[in-house]
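[1] Turn this into a structure:
(one chain, ligands or ions: 2)
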Amino acid sequence: MPVRVRSRVARHDLYSRFFGIATTSSELLGKQTDVVTELHPLVEAAGQSGSLPDWARCGPRRRAHAARVANLMSSWATSLGLEGDEIVRWTAAGHLHDALKDAPVESLESLAESGWPEPLLHAPACATRLRADGVMDEELLLAITYHSTGHPEFGLLGEYLYMADFLEPGRRFLAADRDALRERLPADREAVLREVLRRRIMLQLDEEAPVLPASLLLWNRLVTS
Ligand SMILES: [Fe+2]
Ligand SMILES: [Fe+2]
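    Ligands and ions are numbered 1, 2, ... in the order given. Sure thing, here's the model as predicted:
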């Protein structure tokens with residue numbers, strides 16, 4: 001096995017069913033949920049040094065937010081006992097997730113499937129650009145695509161990115177509540193994830209903003225599992 005190869009647990013058979021993504025996980029490691037893959041240079045650069053692709057449109061304020069998310073991801077990955085490349089990968093998810101946050105809406109529309117509300121377009125658009133550059137890490141792409149909404153097929157990476165985006169210490173609204181929830185991670189993942197999702201859905205309801213089906217499907221998964 002090459003040096004920079006790692007295995008990780010993901011639900012790729014489900015990804016395949018819902019997103020038409022082919023995987024080769026089962027034969028490679030003899031386990032249905034294990035896959036072997038290598039860090040893409042863009043992912044490695046983001047995870048190692050916080051550098052973003054040249055197509056990124058992300059001003060200083062957004063970069064500072066992304067760096068705080070990345071710090072949380074790195075810290076939680078370490079606490080969870082993940083190793084080398086996997087910590088880099090989790091850190092990269094934090095740095096990359098809002099890489100197109102400051103891009104003009106018109107430039108994002110062609111990169112996202114229909115049905116995304118305008119404020120969330122940057123997320124699927126970022127995943128589309130990463131995929132076009134050769135990033136084939138489906139768990140990472142799913143985490144970035146749905147970092148604002150949650151998704152029922154999230155693996156750990158997606159769940160923690162979703163929580164880090166909401167709980168990072170730079171957010172001032174409900175700061176004390178966020179601090180308290182953040183302190184419970186990574187140990188109390190399921191309960192904190194449920195609380196973060198509940199709060200995000202409630203905020204959308206209060207603002208009379210649309211709640212995407214992915215959020216409700218994740219909620220249903222959490223309250224029925
Ligand atoms: Fe975002
Ligand atoms: Fe964000």
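[2] Following the chain past the one helix or strand Arg199 maps to, name the next helix or strand.
    Using DSSP states H and E, the element containing Arg199 is helix 189-206. Remark: after helix 189-206, the chain's next helix or strand is helix 213-224, criterion DSSP H and E.
[3] buried set for that next one?
    Neighbour-count burial for helix 213-224 flags Ala214, Ser215, Leu218, Trp219, Arg221, Leu222 (criterion: 16 or more other C-beta atoms under 10 Å). All C-beta atoms are positioned from the backbone trio N, CA, C, and that covers glycine.
[4] helices and strands of the protein: which one has the lowest mean pLDDT?
    helix 25-29 (a mean of 29; mean pLDDT, DSSP states H and E).
[5] Do you have the strands of this protein handy? List them.
    Assigned by DSSP state E, the chain shows strands spanning 5-9, 34-38.
[6] Least reliable of the ones you listed by average pLDDT, please.
    Note on the strands of the chain: strand 5-9 shows the lowest mean pLDDT, a mean of 37.
[7] how deep is Ala209 tucked in, by neighbour count?
    By other C-beta atoms under 10 Å, the residues close to Ala209 number 12.
[8] cool, Ala127 as well?
    So Ala127, with other C-beta under 10 Å, has 26 neighbours.
[9] measure Tyr146 to ligand 2 for me?
    Distance of Tyr146 to ligand 2, computed by C-beta to the ion, to the nearest Å: 12 Å.
[10] From ligand 2, how far out is Gly84?
    25 Å.
[11] okay, which residue is most central for this protein?
    Of all residues in the chain, the one closest to the mean position by C-alpha atoms, centre = their mean is Ala143, 2.8 Å from it.
[12] how far away is it from Val43?
    12 Å (C-beta to C-beta, to the nearest Å).
[13] ok, back up a step: extract the C-alpha set from the helix holding Arg199 and format it as CSV.
    C-alpha atoms of helix 189-206 as CSV (Å, rounded to 0.1, in the frame of the first residue of the first chain):
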residue,chain,number,x,y,z
ARG,A,189,-21.4,14.0,19.0
GLU,A,190,-24.9,12.6,18.5
ALA,A,191,-26.6,14.9,21.0
VAL,A,192,-24.7,18.0,19.9
LEU,A,193,-25.4,17.3,16.2
ARG,A,194,-29.1,16.9,17.0
GLU,A,195,-29.0,20.2,18.9
VAL,A,196,-27.1,22.1,16.2
LEU,A,197,-29.5,20.8,13.5
ARG,A,198,-32.5,21.7,15.6
ARG,A,199,-31.3,25.2,16.1
ARG,A,200,-30.4,25.7,12.5
ILE,A,201,-33.9,24.5,11.4
MET,A,202,-35.6,26.7,13.9
LEU,A,203,-33.6,29.7,12.7
GLN,A,204,-34.7,29.0,9.2
LEU,A,205,-38.4,28.7,10.3
ASP,A,206,-38.1,32.0,12.3
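[14] Quick one: list the elements packing against it.
    helix 156-167, helix 175-183, helix 213-224 (3 or more C-beta pairs under 8 Å, 6 or more residues apart in numbering; DSSP states H and E).
[15] how close does the closest residue to Ala45 other than its chain neighbours get to ligand 2?
    Closest residue in space to Ala45, ignoring its immediate chain neighbours: Ser51 at 4.8 Å, by C-beta to C-beta, 6 or more residues apart in numbering. Using C-beta to the ion, we find Ser51 at a distance of 17 Å from ligand 2.
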